[in-house]
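J.: Quick one: sequence and predicted model below, then my questions.
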Amino acid sequence: MSSNVHLSGKKLYDRYCQVRQCSQQLTLPLSPEDMVVQSMADSSPAKWHLGHTTWFFETFLLRGHDTSYTVFDPDYAYLFNSYYESCGQRQPRLQRGHLTRPPLADIFAYRDYVDGNMRRLLLSEPAASLADLVRLGLAHEEQHQELLLMDILHLFAQSPLRPVYDPSWPQAQLGRVGHFRRIDGGLIDIGAADCVFSFDNENPRHKVWLQPYAISDRLVTNSEWLSFMAADGYRRPELWLSDGWSLVQSQGWQAPLYWQQRGTEWQQMGLSGVQPVVADAPVQHVSFFEADAFARWAGARLPTEAEWENAAIAGVLEQSDEVAWQWTASAYLGYPGFRPADSAVGEYNGKFMSGQMVLRGGAGVTPAGHSRPSYRNFFRPEQRWMFSGVRLARDVERDQTLAHFEIRFAADVVLGLTAEQKNLPPIYFYDAAGSELFELICRQPEYYLTRTETALLESIGHTIASFIPADSVLIEFGSGASEKTRLLLSAAPQIKSYVPIDISGDTLRAAAARLAQDYPDLEVVPLLGDFSQTLCLPKSLPRRPHVGFFPGSTVGNFDHGEIVLLLGSLCRFLGESSFLIVGVDLVKDRTTLLEAYDDRAGATARFNKNLLTRINRALAGNFDITAFDHLAHWNEEQSRIEMYLVSRAVQSVSVAGRQFSFGQGERLHTENSHKFTVDGFLGLARRAGWNLYQQWISAAPEFAIFCLSAQALDPPNPSSAR
């Protein structure tokens with residue numbers, strides 16, 4: 001424990017009341033019968049949690065620091081001691097569910113009695129050492145609040161009635177799959193820093209050397225876990241540690257805890273009851289052994305706790321402490337120089353430093369403010385009733401210069417090729433060869449999008465320039481060769497800085513060099529990265545008004561839900577006074593669309609197949625490029641062009657040391673290109689926080705350019721321009 005901030009007795013007491021009341025509020029949905037049952041050896045009855053946390057304050061605060069205090073009931077020291085050997089004998093853990101007496105009313109009376117005496121003690125302005133002990137007791141009770149919810153879920157899952165704890169319990173946040181972020185490593189400090197409170201096992205702060213590594217910015221999803229299951233992940237001993245494989249066999253593990261299959265649908269028991277497994281939600285309730293096996297299957301590994309803490313402090317982790325605790329590859333041991341306290345509270349953490357693994361972060365059941373980057377949770381590797389999830393990491397060679405989107409290439413390809421509908425993320429189209437092929441596509445007579453959008457931009461360039469603020473920063477998402485950008489730069493000399501963002505380093509550097517030469521007064525700041533992920537502008541860039549540029553109808557590569565998330569992310573990235581100029585292809589006749597994505601010269605087919613060439617080169621693949629055909633398909637129901645590579649025959653392909661089978665005619669999905677109506681796209685933009693400022697629509701084949709504003713502004717011309 002450590003403290004560097006003195007709290008007054010009143011402030012400390014207010015905090016005490018808040019935590020204590022929260023514990024009792026968590027029991028409101030429970031019946032007295034719910035609160036007495038113990039569903040397994042690792043869990044405890046809710047009634048016992050209420051008694052034990054009260055015993056902690058009675059034993060370590062009142063009995064030790066208030067000479068006038070009278071114990072509520074001497075028998076409670078035996079009933080509610082957990083594991084403190086120095087505090088005497090106790091009820092065996094396996095028999096906590098046998099305690100039908102004292103009745104629940106007596107437990108609440110016990111809490112009221114202790115709370116009243118704690119009020120008197122805390123309002124007497126305790127010494128700083130006592131304040132530290134109170135904070136430990138409050139953190140201890142918050143841990144038991146989380147344990148209470150874990151134990152109730154496990155108890156309810158044993159009932160054939162599948163009772164619901166809280167039908168309005170919030171669902172885990174949805175979103176995209178994680179992407180790997182490179183971190184350089186080096187000599188870092190980990191452990192508790194300057195904070196009001198920390199557990200003793202977070203200390204002492206010390207230095208750790210980290211090799212360069214990559215860590216996923218989000219947690220593994222249910223969809224990814226279903227792919228692992230479909231790939232026989234629970235039946236392949238080569239993926240498992242020996243002890244884990246023994247558990248898989250002896251306990252018949254086939255899926256995460258609380259999953260059950262009803263026909264072809266997987267369902268999951270949660271605090272809100274039984275619900276369908278949501279593909280885009282993070283997987284939860286998996287053991288260390290399962291997490292480790294999944295990581296090995298995905299061509300990755302679990303991060304060490306030092307890597308996790310370093311990444312959390314660097315701000316690259318999403319879903320860090322609000323969804324599920326994350327397993328690490330680190331055994332739970334004391335830090336160099338760790339010494340438990342000499343008193344009974346020294347038994348709090350140190351005695352468990354054997355046979356356990358560290359989890360980091362926090363979960364949806366963790367009390368707000370309870371976690372911090374240095375927090376060390378720990379469980380045995382086979383346990384999975386807690387809210388535990390998975391974050392992946394990868395090794396990175398010291399001299400590796402690839403950006404994070406290249407680092408995750410292997411994992412994404414393996415995951416895509418093991419999915420029920422084989423797929424590859426379209427962002428990997430754009431290596432140097434792919435970028436050149438796309439420029440070739442744009443010159444094909446059938447590909448109307450580029451020439452139509454360019455002509456429209458030429459006609460409205462000065463109109464757009466009229467509302468671009470002075471000294472603006474133009475930020476282009478997916479800049480490519482930056483050819484269309486010149487139309488804006490020439491029309492709006494008030495633009496002082498240009499930030500092209502692209503995932504092809506070669507294309508980005510070449511385009512930036514040409515623009516810097518042709519526009520000598522323009523500051524060109526290229527940013528290598530995936531614009532659909534979290535981005536940060538260089539700190540050297542002055543604070544100026546931001547104008548986003550998103551041409552080419554690239555937004556159509558995303559599904560509607562993803563578009564809302566993406567546009568919302570861009571809105572926050574650009575800022576509250578920003579504009580976004582976005583090109584959008586509109587719905588039109590099927591023939592025009594199919595010819596645009598399957599040109600007679602075969603440029604699109606070569607572009608599509610280049611993805612296989614890139615896999616062969618980067619991931620030791622052996623795709624026979626001639627054994628696949630390019631296919632463009634118009635999905636009328638979804639209003640989108642779908643691109644596939646179709647296997648000509650039954651074949652087996654090796655990628656990254658893994659074998660993948662293709663049937664004759666089997667499709668490998670590589671890209672979607674959604675087409676929109678004006679009202680349909682604007683509806684998505686408004687959901688993401690944007691307002692329409694002005695719009696322009698070309699003659700047939702119709703293409704739209706929208707100017708969106710982060711603020712609700714009156715448009716200069718309320719009518720649509722054509």
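T.: Yep, it's here. Numbers count the residues shown, from 1 in each chain.
J.: any idea of the mean pLDDT in the helix or strand harbouring Ile464?
T.: Taking DSSP states H and E as the criterion, Ile464 maps to helix 448-466. Averaged across helix 448-466, pLDDT comes to 92.
J.: Provide the strand pairings for the next helix-or-strand element following it, with the direction of each partner.
T.: Using DSSP H and E, the helix or strand that follows helix 448-466 in sequence is strand 472-477. The strands beside strand 472-477 in its sheet (DSSP bridges) come out as strand 495-502 (parallel), strand 546-550 (parallel).
J.: Can you add mean neighbour count and give the ones you listed back as TSV?
T.: Where you see a C-beta, it was placed from the backbone N, CA and C, and this is true even at glycine. Output for those, formatted as TSV (neighbours: other CB atoms under 10 Å):
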stretch	mean neighbour count
strand 495-502	23
strand 546-550	24
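J.: Least reliable of these by average pLDDT, please.
T.: Of all these, the minimum mean pLDDT falls on strand 495-502 (a mean of 89).
J.: Please list the residues outside it that contact it.
T.: Residues from elsewhere that reach strand 495-502 (CB atoms under 8 Å, 6 or more residues apart in numbering): 430, 468, 471-480, 482, 485, 488-489, 508, 511-512, 515, 519, 522-529, 531, 535, 537, 541-542, 544, 547.
J.: Please apply the same query to stretch 537-553.
T.: By CB under 8 Å, 6+ apart, stretch 537-553 touches 449-450, 453, 457, 468-478, 480, 484-485, 488, 495-497, 499, 525, 527, 570, 573-575, 577-585, 673, 703.
J.: any low-confidence regions in the chain?
T.: 1-7, 125-129, 343-347, 397-407, 506, 533-535, 539-540, 717-722 (pLDDT under 70).
J.: any idea which helix is longest in it?
T.: helix 128-157 (DSSP state H).
J.: Remind me what the helix or strand following that one packs against, helices and strands.
T.: Tracing the chain past helix 128-157, the next element assigned as helix or strand by DSSP H and E is strand 180-183. Under the contact criterion of 3 or more CB pairs under 8 Å, 6 or more residues apart in numbering; DSSP states H and E, strand 180-183 touches strand 213-216, helix 305-314, helix 404-407.
J.: can you list the strands paired with strand 472-477 in CSV and add distance to Glu562?
T.: Output for these, formatted as CSV (distance: least, CB to CB, whole Å):
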stretch, distance to Glu562
strand 495-502, 18
strand 546-550, 14
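J.: how close does the spatially most central residue of the chain get to Ser320?
T.: Nearest to the geometric centre of the chain sits Arg218, at 2.6 Å (CA atoms, centre = their mean). Per CB to CB, to the nearest Å, Arg218 is found 10 Å from Ser320.
J.: try His669
T.: Taking CB to CB, one finds His669 at 31 Å from Ser320.
J.: Quick check on the two: which one has the bigger neighbour count.
T.: Each of His669 and Ser320 has its neighbours counted (other CB atoms under 10 Å); Ser320 has more, 21 against 18.
J.: where does the more buried one land in three-state SS?
T.: coil (DSSP: H, G, I helix; E, B strand; the rest coil).
J.: burial measure for the residue nearest to Ala172 when sequence neighbours are not counted, as a count.
T.: In space, and not counting its chain neighbours, Ala172 is closest to Ala281: 4.6 Å by CB to CB, 6 or more residues apart in numbering. For Ala281, the tally of surrounding residues (other CB under 10 Å) stands at 21.
J.: Who are the contact partners of Ala281?
T.: By CB under 8 Å, 6+ apart, the residues touching Ala281 are 171-174, 221-222.
J.: For the residue nearest to the centre of the chain, give me the backbone phi and psi.
T.: The phi/psi pair for Arg218 (degrees, to the nearest 10) reads phi -140, psi 170.
J.: quick one on the thing from earlier: so which of the helices and strands packed on strand 180-183 gets nearest Gly9?
T.: Closest approach to Gly9 among these (CB to CB): helix 305-314, 33.1 Å.
J.: tell me what that closest one is packed against?
T.: strand 180-183, strand 186-190, strand 206-210, strand 213-216, strand 325-331, strand 357-360.
J.: Could you pull out the buried residues of stretch 501-516?
T.: Neighbour counts over stretch 501-516 (16 or more other CB atoms under 10 Å) mark 501-505, 507-508, 510-512, 515 as buried.
J.: Sorry, slip of the keys, the one I care about is stretch 608-628.
T.: Within stretch 608-628, the residues that count as buried by 16+ other CB under 10 Å are 608-616, 618-619, 621, 623, 628.
J.: ok, residues contacting it?
T.: Contacts to stretch 608-628, defined as CB under 8 Å, 6+ apart, come from residues 406, 409-410, 413, 424, 428-429, 431, 433-434, 437, 630, 643, 645-649, 651, 653-657, 668, 670-671.
J.: Could you work out the end-to-end span of that stretch for me?
T.: Start-to-end span of stretch 608-628 (CA to CA, to the nearest Å) is 10 Å.
J.: One more: stretch 396-409?
T.: With CA to CA as the measure, stretch 396-409 spans 13 Å from end to end.
J.: sorry, back to before: would you turn the helices and strands packed on helix 305-314 into a markdown table with distance to Arg262 and mean neighbour count?
T.: Formatted as a markdown table, the helices and strands packed on helix 305-314 follow (distance: least, CB to CB, whole Å; neighbours: other CB atoms under 10 Å):
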| stretch | distance to Arg262 | mean neighbour count |
| --- | --- | --- |
| strand 180-183 | 35 | 23 |
| strand 186-190 | 44 | 14 |
| strand 206-210 | 45 | 14 |
| strand 213-216 | 31 | 26 |
| strand 325-331 | 28 | 24 |
| strand 357-360 | 30 | 26 |
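J.: Now tabulate those in TSV and tack on distance to Ile107.
T.: Formatted as TSV, the helices and strands packed on helix 305-314 follow (distance: least, CB to CB, whole Å):
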stretch	distance to Ile107
strand 180-183	47
strand 186-190	40
strand 206-210	42
strand 213-216	43
strand 325-331	28
strand 357-360	30
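J.: Helix or strand: which one has Glu671?
T.: Here Glu671 is assigned to strand 667-674, by DSSP H and E.
J.: what is the orientation angle of that strand with helix 448-466?
T.: Between strand 667-674 and helix 448-466, the angle comes out at 40 degrees (axes from the mean of the first three to the mean of the last three CA atoms, to 10 degrees).
J.: Distance from strand 667-674 to the middle of the chain?
T.: On the basis of CA atoms, centre = their mean, to the nearest Å, strand 667-674 is displaced by 24 Å from the centre of the chain it belongs to.
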